[in-house]
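Novice: structure here, sequence nowhere to be found:
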């Protein structure tokens, strides 16, 4: 038996296991250090039995419950707020998605007008791609001639009326032209107006002929 | 009080039953507070930490595995909270006025002094030793439960407890808490 076993038996004793080893008891009779250690261990056991449990203050339970319930209510409020925010976001997202789908699915109002405008804009391109036939070109030329003729006729008539309104009639009394210098100016202006009117007619006719000549060779070449 | 009762109580708490909350607090507050006092060596700190422990218990009640006993789970939260508190406190632990913990009756002969010396000895232990000692000798937890609670092997817990006891015995002997008569009358 040696002192190292004392340590082992002491631990067993403090664990609550009774030690019934005659050898150890015999060792304790001879070893003062081990005897002192064993006595201290017994005092410790006695002291631990007497050791009072720390008593909580009487109001601690109430304080804990109040704090826990308050914390739970706050957590509940937080959860509700999160749900509300999430639902709002989800609803907003749904509305945004439905609006976008509606815009894509059925164009209305401005979108429809925009679509028409785009279609209208694309028509010249389509016209460029499909070349007109000779009959269509001739018809267009005829229309242009008719318009130019009407316009020229109207301008001529207008200029003539202006000129006629400034020419004195034969049954009017003879007027001294030297004394009547100023009235000669309208005659000059009438002549200038006639020349201007004729210039328009000639210009229109030239344009019509140019257009006709520009269209004709193309048809001739393709044929 | 068995684990079935605890499980029922926990279910009631989770359903929002305030009365169940009160019952659960009353059932475990004594043990939690006692452990906190022993580990923190400060009554007011122990009160604060006890409240925090129960807050954490109720916040994490859904994570409790109902197949396991509730008490060790609660005590593990208390131990962890005390450990965190001590690491944040950053000052030497203050000793508790142990006399106010005495339940009833005046101490016989030198029992009061013995108790005080034991308390001081426990308070001077390093935290791991102190936790193992308090859980074993005051809370009555078995080695396996302490090991699970502290996240260490059983062998480590036995070693810590052995060292804790030896340090306390050494202090008691130095402080003259062993009468000469007992020294001469060995008894296991």
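Specialist: That came in fine, so what should we check first? Because the structure is predicted, anything quoted here is derived from the model rather than measured. Numbering: from 1, shown residues only, chains lettered A, B, ... in the order given.
Novice: which non-adjacent residue is nearest residue B:89?
Specialist: Among residues not flanking residue B:89 along the chain, residue B:45 sits closest, at 7.4 Å (Cβ to Cβ, 6 or more residues apart in numbering or on different chains). Where C-beta positions appear, they are placed from N, C-alpha and C, glycine not excepted.
Novice: by contact count, what packs against the strand or helix carrying residue B:81?
Specialist: Following DSSP states H and E, one finds residue B:81 within helix B:70-89. Contacting helix B:70-89 under the criterion 3 or more Cβ pairs under 8 Å, 6 or more residues apart in numbering or on different chains; DSSP states H and E are the following elements: helix B:3-14, helix B:18-40, helix B:43-59, helix B:127-133, helix B:143-150.
Novice: is it possible to get CSV of those that adds mean neighbour count and mean pLDDT?
Specialist: CSV is the format used below for the helices and strands packed on helix B:70-89 (neighbours: other Cβ atoms under 10 Å in any protein chain shown; pLDDT from 0 to 100):
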stretch, mean neighbour count, mean pLDDT
helix B:3-14, 15, 87
helix B:18-40, 21, 93
helix B:43-59, 21, 94
helix B:127-133, 22, 94
helix B:143-150, 19, 91
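Novice: show me the one of those that comes nearest residue A:144.
Specialist: Ranking the helices and strands packed on helix B:70-89 by proximity to residue A:144 (Cβ to Cβ) places helix B:43-59 first, at 90.6 Å.
Novice: for that closest one, name the packing helices and strands.
Specialist: Counting contacts by 3+ Cβ pairs under 8 Å, 6+ apart, helix B:43-59 packs against helix A:60-105, helix B:18-40, helix B:70-89.
Novice: returning to what we had before: shouldn't the residue nearest to residue B:89 be in contact with residue B:86?
Specialist: No. Judged on Cβ atoms under 8 Å, residue B:45 makes no contact with residue B:86 at a distance of 9.0 Å.
Novice: mind checking how far residue B:7 is from residue A:64?
Specialist: Residue B:7 sits 21 Å away from residue A:64 when distances are taken as Cβ to Cβ, to the nearest Å.
Novice: helices along chain A, start to end?
Specialist: Taking DSSP state H, the helices of chain A run over residues A:3-14, A:22-30, A:32-50, A:60-105, A:110-129, A:134-166, A:184-222.
Novice: between the ones you listed, which one is nearest to residue B:169?
Specialist: Nearest to residue B:169 among these is helix A:32-50 (4.7 Å), distances taken as Cβ to Cβ.
Novice: could I get the average pLDDT for that closest one?
Specialist: The average pLDDT within helix A:32-50 is 87.
Novice: close to chain B, is that helix?
Specialist: Yes. Helix A:32-50 is in contact with chain B by Cβ under 8 Å from any Cβ of the partner chain, via A:32, A:35-44, A:46-48, A:50.
Novice: now the buried members of the residues you listed.
Specialist: Among those, the ones that count as buried by 16 or more other Cβ atoms under 10 Å in any protein chain shown are A:35, A:36, A:37, A:38, A:39, A:40, A:41, A:42, A:43, A:44, A:47, A:48.
Novice: tell me the contacts of the last one?
Specialist: By that I understand residue A:48. B:118, B:137, B:138 (Cβ atoms under 8 Å, 6 or more residues apart in numbering or on different chains).
Novice: if we go to 6 Å?
Specialist: Residue A:48 is in contact with residue B:137, counting by Cβ atoms under 6 Å, 6 or more residues apart in numbering or on different chains.
Novice: now it: how far from residue B:140?
Specialist: Noted for residue A:48: a distance of 11 Å to residue B:140, by Cβ to Cβ.
Novice: for the third one, same thing?
Specialist: Plainly put, residue A:37 is 25 Å away from residue B:140 if you go by Cβ to Cβ.
Novice: state the distance from residue A:62 to chain B.
Specialist: From residue A:62 across to chain B, the span is 9 Å (Cβ to the nearest Cβ, to the nearest Å).
Novice: measure that residue to residue A:76 for me?
Specialist: To residue A:76, residue A:62 is 21 Å away according to Cβ to Cβ.
Novice: check residue B:20 too.
Specialist: 16 Å.
Novice: how deep is the closest residue to residue B:123 other than its chain neighbours tucked in, by neighbour count?
Specialist: Leaving out its chain neighbours, the residue that sits closest to residue B:123 by Cβ to Cβ, 6+ apart is residue B:41, at 4.6 Å. For residue B:41, the count of nearby residues is 22 (other Cβ atoms under 10 Å in any protein chain shown).
Novice: dump the residue contacts of residue B:135.
Specialist: So, once contact is read as Cβ under 6 Å, 6+ apart, residue B:135 ends up touching B:141, B:146.
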